[in-house]
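Visitor: Fold the following and give me the result.
(2 chains)
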Amino acid sequence: MVDFPVTELGPADHVEVGEQAPDFTRPLVNAEYWEDVALSDLYGEEPVVLVFHPMDGDFPSTYVWNEIRERAWGEHATVVGCSISSPYEHKRFVAERRLDGDPAYRLFSDPGNGVAEAYGIAHELDGMTGIAEPRPSVFVVDGEGTVEYAWVATEWPEFPDYDEVEAVVRDR
Amino acid sequence: MSEAPDITIYRLQACPFCERAVRKLNELDLPYRSRFVEPMHSERNVVKRVSGKRSVPAIVDENTGVTMSESANIVEYLEATYGGG
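Guide: Model prediction:
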């Protein structure tokens, strides 16, 4: 249980398990460069774990990526992030959070928040006028683009159930 | 699943020399992918690794096995290889 007050976001009308994951193309950032990549380019033997996180630099992003790196999710899946931060910010975040190791993690840059809208998880930030970003969310997508697992925050802040995601990507 | 194009160009946002090479690629209707790097030379290890230099633009053409820097050279190479006279 959290011991600090949280804000209710209410339910989201998001992409559900069994549905096709909305495909998109955005710059995908690694430790050295970025290039346009489609989500479907990543489909393969291993599932894709698409992690929507708030802007690079806030504490939830830091916590989530430290946890994913420590748990080495990349050994079982292609794990990519997505936030509204620019490619330049993503590149620094990859270095700061040491996401450029083996396995490596890459981050989609979506400053316009259109990907979050397509997934039904867009969220207006209170106190930052004109800025919307994704709700914290995790989608596991199989090689055919079908959503196998979906978690979307209903509180702010809220963190994924890491064990649950891990069970989905490990037990296949 | 999209097929990766043969030509990759390493470029820097707002770099006129990069835009010159990109214009030639577009003019010749060649498919390519853009890999953006950062302004600081120290942040361009990938360019150094593929081309031997840290300057951009640099292109890698899997079709011919050619890797090349300097926009004038690139424009000349593209014209000679794909210009078709």
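Visitor: any idea how far stretch B:25-36 is from the chain center?
Guide: Counting by C-alpha atoms, centre = their mean, to the nearest Å, stretch B:25-36 is centred 8 Å from the centre of its parent chain.
Visitor: Buried residues, that stretch. List them.
Guide: Neighbour counts over stretch B:25-36 (16 or more other C-beta atoms under 10 Å in any protein chain shown) mark B:L25, B:L30, B:Y32, B:S34, B:R35, B:F36 as buried. The C-beta positions use only the backbone N, C-alpha and C, and glycine is treated the same way.
Visitor: do the same with stretch A:67-77
Guide: Of all the residues in stretch A:67-77, those buried under the rule 16+ other C-beta under 10 Å are A:I68, A:R69, A:W73, A:G74, A:H76, A:A77.
Visitor: What's the local residue count around the spatially closest residue to A:A118 that is not a sequence neighbour?
Guide: Nearest non-adjacent residue to A:A118, counting by C-beta to C-beta, 6 or more residues apart in numbering or on different chains: A:P22, 4.1 Å away. The number of residues packed around A:P22, counting by other C-beta atoms under 10 Å in any protein chain shown, is 16.
Visitor: now A:P22: how far from chain B?
Guide: Here the criterion is C-beta to the nearest C-beta, to the nearest Å. By it, A:P22 lies 16 Å from chain B.
Visitor: all helices of chain B, in order?
Guide: B:16-27, B:45-51, B:71-82 (DSSP state H).
Visitor: Show me what the second one is packed against.
Guide: The elements that helix B:45-51 packs onto, with contact taken as 3 or more C-beta pairs under 8 Å, 6 or more residues apart in numbering or on different chains; DSSP states H and E, are strand B:7-12, strand B:32-37, strand B:58-61, strand B:66-69.
Visitor: What parts of chain B come near chain A?
Guide: Residues of chain B lying near chain A by C-beta under 8 Å from any C-beta of the partner chain: B:M1, B:S2, B:Y10, B:R33, B:S34, B:R35, B:F36, B:V37, B:E38, B:E43, B:N45, B:V46.
Visitor: just to revisit the earlier point, reformat the buried residues of stretch A:67-77 as TSV; add secondary structure.
Guide: Shown next, in TSV, are the buried residues of stretch A:67-77 (DSSP: H, G, I helix; E, B strand; the rest coil):
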residue	secondary structure
A:I68	helix
A:R69	helix
A:W73	helix
A:G74	helix
A:H76	coil
A:A77	coil
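Visitor: closest to B:E76 among those residues?
Guide: The shortest approach to B:E76 among those belongs to A:G74, at 42.1 Å (C-beta to C-beta).
Visitor: No further questions, thank you.
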